[in-house]
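**Student:** The following comprises the amino acid sequence and a computationally predicted model.
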Amino acid sequence: MLSRTHVNSNILYNINNIYSPKDSHKGLSCENIVQKQPNIPSENPAGTPHGDEAPKASSSAKEFFHKLNATPEEKQAVLVPIIDRIVAGYRYTRPRALDALVVLVNEFLIPHFDAQSNFAKTPHNGRIIWLQNLIKTRHGENLIQQATQKLGETLLKELEEQRKKLREFRPVSPFEWKDADKDIRYYDDPIDGKVEIPADAPPRPSDEAIWNVLSQKWVDTDGQHSGS
């Protein structure tokens, strides 16, 4: 949104620059906080389509959110309260709530407004009021809930992918893995979970072997020594 969270980032160019009243007195912006988080979507728009693909029709909702996000006063008045609401309602950190806002706008609010035939004819200020009123409704709360749920699913998927990737590094034994950054060996136990292996321990001899801290040897599940 550490790679970055794979949410659509081609709408809210400057969303990372939002200042919250709760953060500004500390001299911090969401941008400063977000840059410490690996899963925050980029503020740069995605590239344009290549090849002979036909250009997509313009979206009144996209144009609205572009303009809204490019105006600091409107961003502060309209978008920051949504972040505050997500923080309070879902106990999210502000960077995580910012991620949820990006998902909410790109994947739920823009399609919602594009489906409204009168939206394109409504002036900008009228669109702001429309958005603010929508967020106050039960349907608006449902859209926020869907956005937070989708973000959670994305983060869980990325976490699992990172977990699998981390366990692919097995320089000592095919039955154990190593955290290259920490230079620590581990194996996964069905009961104890992730178990650290002493640096001077011999390679884990099998997928069932357990490290006995008393004998300082590998043993099978029945307690028999399975290695040197």
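**Tutor:** Arrived safely, thanks for sending.
**Student:** show me what contacts Ser220?
**Tutor:** Quick fix: residue 220 is Asp, not Ser. Applying CB atoms under 8 Å, 6 or more residues apart in numbering, we find Asp220 in contact with 206, 208-210, 226. All C-beta spots, glycine's among them, are computed from the backbone N, C-alpha and C.
**Student:** Select from those the one having the most neighbours.
**Tutor:** Ranked by the number of neighbours (other CB atoms under 10 Å), the contacts of Asp220 place Ala209 first, at 21 neighbours.
**Student:** so that residue makes contact with Pro203?
**Tutor:** No. With contact defined as CB atoms under 8 Å, Ala209 does not count as touching Pro203 (9.6 Å).
**Student:** continuing past whichever strand or helix holds Lys62, what's the next helix or strand?
**Tutor:** Take DSSP states H and E as the rule and Lys62 turns out to sit in helix 60-70. Going down the chain from helix 60-70, the next helix or strand is helix 72-74, by DSSP H and E.
**Student:** neighbouring contacts of that next one?
**Tutor:** Applying CB under 8 Å, 6+ apart, the set of residues contacting helix 72-74 is 67-68, 128.
**Student:** Only the buried subset of those residues, as a ChimeraX command please.
**Tutor:** Buried residues within the contacts of helix 72-74, by 16 or more other CB atoms under 10 Å, are selected in ChimeraX with:
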select :68,128
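**Student:** hmm, back to that, against which helices or strands is the helix holding Lys62 packed?
**Tutor:** helix 110-114, helix 124-136 (3 or more CB pairs under 8 Å, 6 or more residues apart in numbering; DSSP states H and E).
**Student:** if you set the cut-off to 6 Å instead, what comes out?
**Tutor:** Contacts defined by 3 or more CB pairs under 6 Å, 6 or more residues apart in numbering; DSSP states H and E place helix 60-70 against helix 110-114.
**Student:** buried set for the helix it packs on?
**Tutor:** Neighbour-count burial for helix 110-114 [16+ other CB under 10 Å]: 110, 112-114.
**Student:** Can you lay out those residues as JSON lines showing pLDDT?
**Tutor:** Below are the buried residues of helix 110-114 laid out as JSON lines (pLDDT from 0 to 100):
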{"residue": "Ile110", "pLDDT": "95"}
{"residue": "His112", "pLDDT": "96"}
{"residue": "Phe113", "pLDDT": "96"}
{"residue": "Asp114", "pLDDT": "95"}
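**Student:** Nearest to Thr154, out of those: which one, please.
**Tutor:** For those, the residue nearest Thr154 by CB to CB is Ile110; the value is 17.7 Å.
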